[in-house]
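Visitor: Next comes the sequence, and after it the predicted model I'd like to discuss.
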Amino acid sequence: MFTKRSNRHEIVMKSRIDNTPPRINGKALDFVDKARFRRETMKQLEEENRKLLEKVAKILASTKQYDLRGNEAERRKREKRQEQRRLEKIAEEKRIEKDNLKLSKRLSKVS
């Protein structure tokens, strides 16, 4: 048979696994135990979160696209391409305007 203390300990440990506040006979344990439970679960969650963030950081650092220098180079290349496209569009618009001007002059001569 369990003593009162070991039984309580078992309930608390089970509740940590289930991630629910500890209860005895449907009643939550006193406020101090609930607060301690909350603090401990928060610490546990923060620790798990920190470990996951470290794993993600390692994975991102290992991939080429998230390498900081590579990322900077990609950004510069992208900006150059955007600038080149912009200049090409401007040149195309000027060429079209020139062609339209020539056509309008021809039409005015014909009419």
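Guide: The structure has been received and is ready for your questions. Numbering: from 1, shown residues only.

Visitor: State the mean pLDDT of the longest helix anywhere in the chain.
Guide: The longest helix of the chain (DSSP state H) is helix 68-110. What helix 68-110 shows for mean pLDDT is 87.

Visitor: ok, now stretch 40-52?
Guide: Stretch 40-52 comes out at a mean pLDDT of 92.

Visitor: what separates R86 from E79, distance-wise?
Guide: 10 Å (C-beta to C-beta, to the nearest Å). No exception for glycine: its C-beta is placed from N, CA and C like everyone else's.

Visitor: likewise E92?
Guide: From E92 to E79 the distance is 20 Å (C-beta to C-beta).

Visitor: now do K58
Guide: From K58 to E79 the distance is 29 Å (C-beta to C-beta).

Visitor: How about K102?
Guide: 35 Å.

Visitor: Now do the contacts for K94.
Guide: With contact set as C-beta atoms under 8 Å, 6 or more residues apart in numbering, K94 has no partners.

Visitor: how close does it get to N49?
Guide: As for K94, its distance to N49 is 56 Å (criterion: C-beta to C-beta).
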